[in-house]
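**Student:** Structure of the sequence below:
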Amino acid sequence: MTVKLAGKDFVPLGVTVQRIAAALAENKPFSLARIGDGENIVLAQETVYSLDWISKNVGWSHSPNYCGVVLPNLALRDRMAAALKEADIIGVFGGDSLTEKTFTALGIQPKAINYAFDNLYLPMYKPFVDLIRAYPPLLVGNPAERFAALLYDKLGVKVPGTVMNITSADDIDTCLEEMARIPHQWSLVSAGVNADIIAPEMATRYNKVSIDFGHAPDNVMSPLYPDYWLTVQ
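**Tutor:** Just a heads-up that it's a prediction; the model follows:
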């Protein structure tokens, strides 16, 4: 199997939100993952790049501060690949050669793809914000408590809870278990590359809707991006 992303149809932002809305309304599982630089390197371990090459050329691989993982970690690679195969939509950069190589090597054929930065546009899209109003989400990751406070201040939304104990790949299972204990319909996960495992596994194991939200909360809360709330008022 050779995976080619160039020329494949991207799911439009509006359709992605419609699919999330349908899953919430019908109480069905759904997951959105995304592939960026960090995810690509995790998947590239001993498939595209040797561990020695990664150690010498990928500075963040020795610290969890950038992507929430420390490499080498082949078990993480394999778990991520398995999770991505279950994701309903994977955000990618069309035609990215490294993503194509890692997906081909690990047998990842996306069910559907969208633009890798669509997660950043979601809070600027009123139908998505309306979903937050109608179905307050569980928030996961370092910005969870601050983002929960902002949602309450801006939208009057009280989220069902926050989970912040995800600082490395070793925390994934604990995080999943804590999420499962909190009654909720869906979650917005900002946990570095670990979100690519958490979101699909919440869908497959717990029948939840779970979204890899990436840096969207940081952007929403940044004074550099005041336009995020223009369509929300």
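**Student:** Kindly export the helix or strand hosting Ile172 (C-alpha atoms) in CSV.
**Tutor:** In the assignment (DSSP states H and E), Ile172 maps to helix 172-181. Presented in CSV, the C-alpha positions along helix 172-181 are these (Å, rounded to 0.1, in the frame of the first residue of the first chain):
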residue,chain,number,x,y,z
ILE,A,172,-1.8,8.6,28.4
ASP,A,173,-3.6,5.7,30.1
THR,A,174,-4.1,7.6,33.4
CYS,A,175,-5.5,10.5,31.4
LEU,A,176,-7.9,8.2,29.5
GLU,A,177,-9.1,6.7,32.7
GLU,A,178,-9.7,10.1,34.3
MET,A,179,-11.5,11.3,31.3
ALA,A,180,-13.8,8.2,31.3
ARG,A,181,-14.7,8.9,35.0
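**Student:** For it, give me every contacting residue.
**Tutor:** 79, 138, 140, 163, 165-166, 187, 191, 194, 197-198, 201-202, 205-206, 208 (Cβ atoms under 8 Å, 6 or more residues apart in numbering). Heads up, the C-betas are built off the backbone N, CA and C, glycines and all.
**Student:** so of those residues, which ones are in strands?
**Tutor:** Counting by DSSP state E, the part of these found in strands is 138, 140, 163, 187.
**Student:** From these, pick the one nearest Ala33.
**Tutor:** Ala33 has its nearest neighbour among the ones in strands among the contacts of helix 172-181 in Ser187, at 12.9 Å by Cβ to Cβ.
**Student:** Next, the contact list for the closest residue to the closest one other than its chain neighbours, please.
**Tutor:** Beyond its immediate neighbours in the sequence, the residue positioned closest to Ser187 (Cβ to Cβ, 6 or more residues apart in numbering) is Leu138, lying 4.1 Å away. The contact partners of Leu138, by Cβ under 8 Å, 6+ apart, come to 159-163, 179, 182, 184, 186-188.
**Student:** Report pLDDT for Leu138.
**Tutor:** Looking at Leu138, its pLDDT reads 98.
**Student:** got it, and Thr2?
**Tutor:** For Thr2, the model assigns a pLDDT of 85.
**Student:** Setting the sequence-adjacent residues aside, check what's closest to it.
**Tutor:** Nearest to Thr2 is Thr104, by Cβ to Cβ, 6+ apart, at 5.3 Å.
**Student:** Now do the contacts for the one you found.
**Tutor:** Counting by Cβ under 8 Å, 6+ apart, Thr104 has contacts 1-3.
**Student:** Just give me the neighbour total for Ala22.
**Tutor:** 12 (other Cβ atoms under 10 Å).
**Student:** Check the ones in strands among the contacts of helix 172-181 and tell me the two furthest apart.
**Tutor:** Val163 and Ser187 (8.1 Å).
**Student:** For the two, list the residues in contact with both.
**Tutor:** Counting by Cβ under 8 Å, 6+ apart, the residues touching both Val163 and Ser187 are 138-140, 179.
**Student:** on that earlier part again, what residues of the helix holding Ile172 count as buried?
**Tutor:** 172, 175-176, 178-179 (16 or more other Cβ atoms under 10 Å).
**Student:** Check stretch 78-87 too.
**Tutor:** For stretch 78-87, by 16+ other Cβ under 10 Å, it's 79-87.
**Student:** Alpha carbons only: can I get that stretch in PDB?
**Tutor:** Extracted C-alpha coordinates of stretch 78-87, given in PDB (Å, rounded to 0.1, in the frame of the first residue of the first chain):
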ATOM      1  CA  ASP A  78       2.900   1.700  17.100                       C
ATOM      2  CA  ARG A  79       0.100   2.800  19.400                       C
ATOM      3  CA  MET A  80      -0.200   6.100  17.500                       C
ATOM      4  CA  ALA A  81      -0.400   4.200  14.200                       C
ATOM      5  CA  ALA A  82      -3.100   2.000  15.500                       C
ATOM      6  CA  ALA A  83      -5.100   4.900  16.800                       C
ATOM      7  CA  LEU A  84      -4.800   6.900  13.600                       C
ATOM      8  CA  LYS A  85      -6.200   3.900  11.700                       C
ATOM      9  CA  GLU A  86      -9.300   4.300  13.800                       C
ATOM     10  CA  ALA A  87      -9.600   8.100  13.500                       C
END
